[in-house]
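S.K.: Provided below are the primary sequence and the corresponding predicted coordinates.
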Amino acid sequence: MKLTNEELKQKIIELKKKLSVTLVAHYYQRDEVFEMADITGDSLELAIRTRDDDAEFVVFSGVGFMGQSVKVLSPHKRVVMPKAACCAMARMIDSMYYDESVKFLEDNGISKENILPITYINSNADVKAKVGEMGGMVCTSSNAKKIITTALSEGKKILFVPDRCLGQNIANQMGLNSCVIGDGKDPKDADIICYNGFCSVHQLFTVEDIAFYRKKYPGILIAVHPECDPAICDASDFVGSTSQLIKYITELPEEQKVAVGTEFNMVNRLRDKNTYVLSSTKPECPTMNETTLEDVYLTLKSIDDGEPLNEILVDEKTQKWAKIALERMLAL
């Protein structure tokens, strides 16, 4: 017989008391999964906070690259995921595509020694490792500008992977030239050369959506994530990372209306009223929403049975260089 959500919650609570586990959930998770977590946050925050946790197991409700980041920073921990979910953006680049991107720049007159790679945290460990080996580092949406500013001081061309929107938006903020691999522009003319990856959820928002809300609610504010297209960011009142959006929106006066361009589950939890989703369709991340309460329960049960499901494993070389890329960022 299928268990109800309330029955699943009770079983999860009982297993948490019995086992040495910490339940972790990203902001984009379903409400019922999010509510059961011991630690919630965005991807890097979760990796850092679990590093200082004493539990043997981290049960991570999120997507693969996030669980890998925990394992890379805390190799002594056992990291399991209730669902073997992946991030579509992270899947757009692997170590082979990364090597092809470097070769593309070399074929266009930029030597490998003159390339400094930066990878968005939304990438798998093999890409982070490649970046680390080339002297590069990781960035998040909140610190990308600082990381890029530091990188530019070395006088090299920046190869930014995998999110073209974040790379272009930061370039626009800083008054820099950017291009996207394959767009026909000469990469030698660009300060930041972006890989052609993107977040499918953040591509749902349009300039027409912004116009609709501004017309319907004069005085409304538009707040979006920098994974949105540059045209969306340029037309908005505030652009910020997940944590920056949360701070900005929750500190607004209660009567101030705001339309938000990011994942639905997070937006839905922000305020009781005057907060709208900036889309005519529900911007829900399909892979983030794969994880259910039943998945969390079954994962805890598998740990109790001595056969953990979906355990994250990273080979020694990848772990070494991915950690170096992450630690270069954390040092800043």
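M.R.: Yep, that arrived. Residues are numbered from 1 along each chain as shown.
S.K.: In a strand, P117, correct?
M.R.: Yes. Judged by DSSP: H, G, I helix; E, B strand; the rest coil, P117 forms part of a strand.
S.K.: residue contacts, the nearest residue to it once chain neighbours are set aside?
M.R.: Once flanking residues are discounted, P117 sits nearest to G136: 3.7 Å by CB to CB, 6 or more residues apart in numbering. Placement of C-beta: from N, CA and C, glycine included. The neighbours of G136, taking CB atoms under 8 Å, 6 or more residues apart in numbering as the test, are L116, P117, I118, T119, A151, L159, A325, R328.
S.K.: Mind giving me the packing neighbours of the helix or strand where the last one lies?
M.R.: Assigned by DSSP states H and E, R328 falls within helix 316-331. Where contact means 3 or more CB pairs under 8 Å, 6 or more residues apart in numbering; DSSP states H and E, helix 316-331 is packed against helix 64-73, helix 125-133, strand 137-139.
S.K.: Pipe the ones you listed into JSON lines and attach mean pLDDT and mean neighbour count per row.
M.R.: Listed next are the helices and strands packed on helix 316-331 as JSON lines, based on pLDDT from 0 to 100; neighbours: other CB atoms under 10 Å:
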{"stretch": "helix 64-73", "mean pLDDT": "96", "mean neighbour count": "26"}
{"stretch": "helix 125-133", "mean pLDDT": "98", "mean neighbour count": "25"}
{"stretch": "strand 137-139", "mean pLDDT": "97", "mean neighbour count": "26"}
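S.K.: In a markdown table, list the ones you listed along with distance to C165.
M.R.: Below are those laid out as a markdown table (distance: least, CB to CB, whole Å):
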| stretch | distance to C165 |
| --- | --- |
| helix 64-73 | 17 |
| helix 125-133 | 17 |
| strand 137-139 | 14 |
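S.K.: tell me which element D99 falls in.
M.R.: Assigned by DSSP H and E, D99 falls in helix 95-107.
S.K.: in that helix, what counts as buried?
M.R.: Y97, Y98, S101, V102, F104, L105 (16 or more other CB atoms under 10 Å).
S.K.: My guess is the third one contacts N196. True?
M.R.: No. Counting by CB atoms under 8 Å, N196 is not a contact partner of S101; they are 9.3 Å apart.
S.K.: what do those two both touch?
M.R.: In contact with both S101 and N196: I181, using CB under 8 Å, 6+ apart.
S.K.: coming back round to it: outside of the helix holding D99, which residues touch it?
M.R.: Counting by CB under 8 Å, 6+ apart, 93, 112, 115, 117, 126-127, 129-131, 134, 157, 159, 161, 181, 187, 193, 195 sit against helix 95-107.
S.K.: which among those end up buried?
M.R.: The buried subset of the contacts of helix 95-107 - by 16+ other CB under 10 Å - is 93, 115, 117, 126-127, 129-131, 134, 157, 159, 161, 181, 187, 193, 195.
S.K.: quick one: low-confidence ranges for the stretch 1-150 of the chain?
M.R.: Nowhere does the stretch 1-150 of the chain drop to pLDDT under 70.
S.K.: If we use 80, what do you get?
M.R.: 1 (pLDDT under 80).
S.K.: can you pull out the strands in the protein?
M.R.: 21-26, 39-41, 57-61, 78-80, 115-120, 137-139, 157-161, 178-180, 192-194, 221-224, 238-239, 258-261, 275-277 (DSSP state E).
S.K.: For stretch 283-301, what is the distance to the chain centroid?
M.R.: The chain centre lies 17 Å from the centre of stretch 283-301; the measure is CA atoms, centre = their mean, to the nearest Å.
S.K.: again with stretch 269-285
M.R.: 19 Å.
S.K.: Can you point out the buried residues in that stretch?
M.R.: Buried, per 16+ other CB under 10 Å, within stretch 269-285: L270, N274, T275, Y276, V277, L278, S279, P283, E284, C285.
S.K.: Please apply the same query to stretch 213-221.
M.R.: Y213, I220, L221.
S.K.: CA atoms of stretch 76-83 as CSV?
M.R.: Presented in CSV, the C-alpha positions along stretch 76-83 are these (Å, rounded to 0.1, in the frame of the first residue of the first chain):
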residue,chain,number,x,y,z
HIS,A,76,35.5,11.8,3.8
LYS,A,77,31.7,12.1,3.7
ARG,A,78,29.4,9.7,2.0
VAL,A,79,27.0,11.6,-0.2
VAL,A,80,23.8,10.0,-1.5
MET,A,81,21.0,11.5,-3.6
PRO,A,82,17.4,10.5,-3.3
LYS,A,83,17.1,10.8,-7.1
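S.K.: For that stretch, which outside residues touch it?
M.R.: 33, 50, 55-62, 64, 67, 70-71, 290-292, 295-296, 298-299, 302-303, 308-312.
S.K.: let's go with 7 Å and repeat that
M.R.: Under the criterion CB atoms under 7 Å, 6 or more residues apart in numbering, residues 56-61, 67, 70-71, 290-291, 295-296, 299, 303, 308-312 lie in contact with stretch 76-83.
S.K.: Repeat that for stretch 60-71.
M.R.: Contacts of stretch 60-71 (CB under 7 Å, 6+ apart): 24-26, 29, 33, 37, 43-44, 46-47, 50, 58, 77, 79, 81-82, 85-87, 90, 121-125, 287-288, 291, 296, 312, 314.
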